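Enquirer: Following is a predicted model, sequence given first.
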Amino acid sequence: MTALPSQTPADPAAVDQLLSRLSLEQKIGQMIQAERMAITPDEVAEYHIGSILSGGGSAPGANQPADWIAMNDAYWAASMREGPGRVPIPLVYGVDAIHGHTNVLGATVFPHNIGLGATNDPSLIERIARATALEILATGVDWTFAPTLAVVQDPRWGRTYESFSDDPALVARYAAPYVRGLQDGGSDAGVIACAKHWVGDGGTTDGNDQGNTVLSEAELERVHMTPYRPAIEAGVLTVMASFNSWNGEKCHGHRYLLTDVLKGRLGFDGFIISDWDGVEYLDEDLGVAIERCVNAGVDMLMISVEWKRYIELLLASVRAGRIPMARIDDAVRRILSVKQRCGLLSRVRPAERTTATPGVLGAPAHRALAREAVRASLVLLQHDKQILPLAPSARVLVAGRNADNRGHQCGGFTVAWQGTNGNDQIIGGTSIWEGIQAQTPHAEFSLDGDAADATRHDVAIVVIGERPYAEGMGDIRPDRKVAPGSSPAGRTAQLAPYGQSLVNAELHPDDLATIQRIQARGVPVVAVMISGRPLRVDAELAHTAAFVAAWLPGSEGQGVADVLFGAAPFSGTLPMPWPHGDGVWPRGYGLR
Ligand code: GLC
């Protein structure tokens, strides 16, 4: 996919002219992003709402492209209503299309970022972003909360898989291609990108999601700010504030980080959006929290339900002089400028756009690209007796909880916020088992490996590892609370963690049992691990002839079978260190 002409040139005069026509109520409305379940088109018109989002898994109707187009068309039309006291400004709709447009049934599900980090191929990232942009536009949506530019430092973090690497330089190499792939589609085919989460999301103590990142400013800049520079240079139009704290102070209220550094020193000229109700972590008094957040430099507020209360409080704060009018004008000017630069002010209604066409979502070319990415993401960690590649004539036993489970191979933020189980929600893809069946007619499935028989099987492929998770529910930690320093006065997000150990045999003991059962029958084992992060697999390694890290490959599981059977070589390398035995396989490690 070649990058199309860049976004619409900036037109500050047009933006200022539009701003000059707005009342305070209309300006405040532009600063509000409400979740789709909490607002109707009529309310969009009445309150001049600037944006709506789908939280993870929040989908209209039967969750088909036509339902999304109809929903977006209704919201857009409401925002463009003419009449007394009305200034038509098109609403912008945002989603978490972070590894494809994966809220929508039938979308291409690309590997999560940790696997893309293993490919070490920035050009592939730009192609994936462009394909994702086309699938987003096919549903009438204009904005994705991607790329995540987190630089993960602790695999206990539940969002490790959303990070490309623990190396800021590798993440930085991916930032600009990703932004270009999304945004540079020209006035009709550009999608607004969102670099997130500013700043230090991947560096919290013990990997606690939304926790406290304790670092000197020099280290915060070297590790966590580095990837934002190329994103800003590439023209990223939005940045999302992070839930975490820096040295005990929440990013959502951090004027120095949001205004002085991001907008000032780094020259970011788009707009900053808060994360999901992230304002509320600043103070028990919502009005105080909103004032702190907006005065610190957040321009648009992402709100799950209470958007009317936010509007009331914002109006009161401005009228009382606790939020200067100049700050409101700056925020709204940025929002209008982004809409203008992405071509939204001149874009026709969603139902009439040439980009909103059937057949783009899950298109064969996109699935082929995803399959290519899966192949390039696989990392061969152990390879004894040169058992790989397998011959098509090999008599293969396939086992393991994750062998025939497209939901598990996709991970979180897929159809549902916490992902799905089984195959039926991942429409159009292939499980790893289905991919193996396409490679050889001699394949037999046995979930727990109990059918293993050395007289009938030359080799067993056992697919092990994690079930899907997202955010704090993927954390590995001993307790159930968000880390100290990351919660507002008295409130902690009670998200049950994934587990208490990074040892796979403790998290998923059935994996080792299956491997041992098969090996004890004299059948050599090739283990394939589905996971969002490195896990300790010393016990499993002791019983396998080969071990492959497949990360979260997404809908095209056949890409795994391609490499196991030699259709493509192993080329992936570790995007972050993988502890094993008394040592560690370093970033960049990968057998050929
Ligand atoms: C979540 C995540 C953020 C996502 C947003 C909207 O809490 O922190 O990455 O974009 O909410 O779903």
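Expert: Alright, I've got the coordinates. Numbering: from 1, shown residues only.
Enquirer: what about the closest residue to the ligand within the stretch 201-350 of the chain, is that helix, strand or coil?
Expert: Closest to the ligand within the stretch 201-350 of the chain is Trp276: 3.7 Å, counting by CB to the nearest ligand atom. Bear in mind the C-beta positions are built from the backbone N, C-alpha and C, glycine included. Recorded secondary structure, Trp276: coil (DSSP: H, G, I helix; E, B strand; the rest coil).
Enquirer: C-alpha coordinates for stretch 255-273, CSV please?
Expert: The C-alpha coordinates for stretch 255-273 follow below in CSV (Å, rounded to 0.1, in the frame of the first residue of the first chain):
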residue,chain,number,x,y,z
ARG,A,255,0.9,21.3,33.6
TYR,A,256,4.6,21.0,33.1
LEU,A,257,4.4,17.7,31.2
LEU,A,258,1.3,18.5,29.2
THR,A,259,1.8,22.2,28.4
ASP,A,260,5.5,23.2,29.0
VAL,A,261,7.1,20.0,27.6
LEU,A,262,4.6,18.4,25.1
LYS,A,263,3.1,21.6,23.6
GLY,A,264,6.0,23.9,24.4
ARG,A,265,9.4,22.2,24.2
LEU,A,266,8.3,19.4,21.8
GLY,A,267,6.1,21.7,19.7
PHE,A,268,3.0,19.4,19.6
ASP,A,269,0.3,21.5,17.9
GLY,A,270,-2.6,19.0,17.9
PHE,A,271,-4.9,18.5,20.8
ILE,A,272,-4.5,16.4,24.0
ILE,A,273,-7.4,14.1,25.0
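Enquirer: Just give the nearest non-adjacent residue to the residue in the stretch 101-250 of the chain positioned nearest to the ligand, would you?
Expert: The stretch 101-250 of the chain approaches the ligand most closely through Phe145 (3.6 Å), counting by CB to the nearest ligand atom. Leaving aside its sequence neighbours, Phe145 sits nearest to Cys194 (CB to CB, 6 or more residues apart in numbering; 4.5 Å).
Enquirer: Could you report the neighbour count for that neighbour?
Expert: A total of 27 residues lie near Cys194 under the criterion other CB atoms under 10 Å.
Enquirer: can you check Ala320 too?
Expert: 10.
Enquirer: where's the residue nearest to Phe145 relative to Pro60, distance?
Expert: 21 Å (CB to CB, to the nearest Å).
Enquirer: What of Leu282?
Expert: Distance from Leu282 to Pro60, by CB to CB: 32 Å.
Enquirer: Pro147 now?
Expert: Between Pro147 and Pro60 the distance is 25 Å, computed by CB to CB.
Enquirer: Looking at those two, which one has more neighbours?
Expert: Set Pro147 next to Pro60 and count neighbours by other CB under 10 Å: Pro147 wins out with 29 against 20.
Enquirer: Now the more buried one: closest residue in space that isn't a chain neighbour?
Expert: Tyr178 (4.1 Å).
Enquirer: Look at the one you found and give its secondary structure.
Expert: Once three-state DSSP is applied, Tyr178 turns out helix.
Enquirer: cool, Ala460 as well?
Expert: Secondary structure state of Ala460, per three-state DSSP, is strand.
Enquirer: shaky segments in the stretch 451-592 of the chain?
Expert: For the stretch 451-592 of the chain, the stretches with pLDDT under 70 are 480-494.
Enquirer: quick one, phi psi at the residue of it found nearest the ligand?
Expert: Nearest residue of the stretch 451-592 of the chain to the ligand (CB to the nearest ligand atom) works out as Glu471 at 6.0 Å. The phi/psi pair for Glu471 (degrees, to the nearest 10) reads phi 50, psi -140.
Enquirer: again with Ala241
Expert: phi -70, psi 150.
Enquirer: With Glu219 instead?
Expert: phi -70, psi -40.
Enquirer: Look up how far Trp198 lies from it.
Expert: 16 Å.
Enquirer: Of these two, which one has the most company?
Expert: Neighbour count, other CB under 10 Å: between Glu219 and Trp198, Trp198 has more, with 26 against 14.
Enquirer: Around the residue lying closest to that one once chain neighbours are set aside, how many other residues sit close by?
Expert: Distance criterion CB to CB, 6+ apart; nearest residue to Trp198, sequence neighbours excluded, is Val239 at 5.1 Å. Neighbourhood size, Val239 [other CB under 10 Å]: 28.
Enquirer: List the beta-bridge partners for Val239.
Expert: As for beta bridges, Val239 partners with Ala195, Ile272 under DSSP bridges.
Enquirer: per-residue pLDDT, it?
Expert: pLDDT, Val239: 98.
Enquirer: I'd guessed the residue of the stretch 201-350 of the chain closest to the ligand sits against Leu301; true?
Expert: No: at 10.3 Å, Trp276 does not count as touching Leu301 under the criterion of CB atoms under 8 Å.
Enquirer: Who has more neighbours out of those two?
Expert: Legend: neighbour count by other CB under 10 Å for Trp276 and Leu301, higher for Leu301 (27 against 18).
Enquirer: Would you agree the more buried one falls within a strand?
Expert: Yes: counting by three-state DSSP, Leu301 falls inside a strand.
Enquirer: From Trp307, how far off is it?
Expert: Counting by CB to CB, the separation of Leu301 from Trp307 is 8 Å.
Enquirer: Thanks a lot, see you next time.
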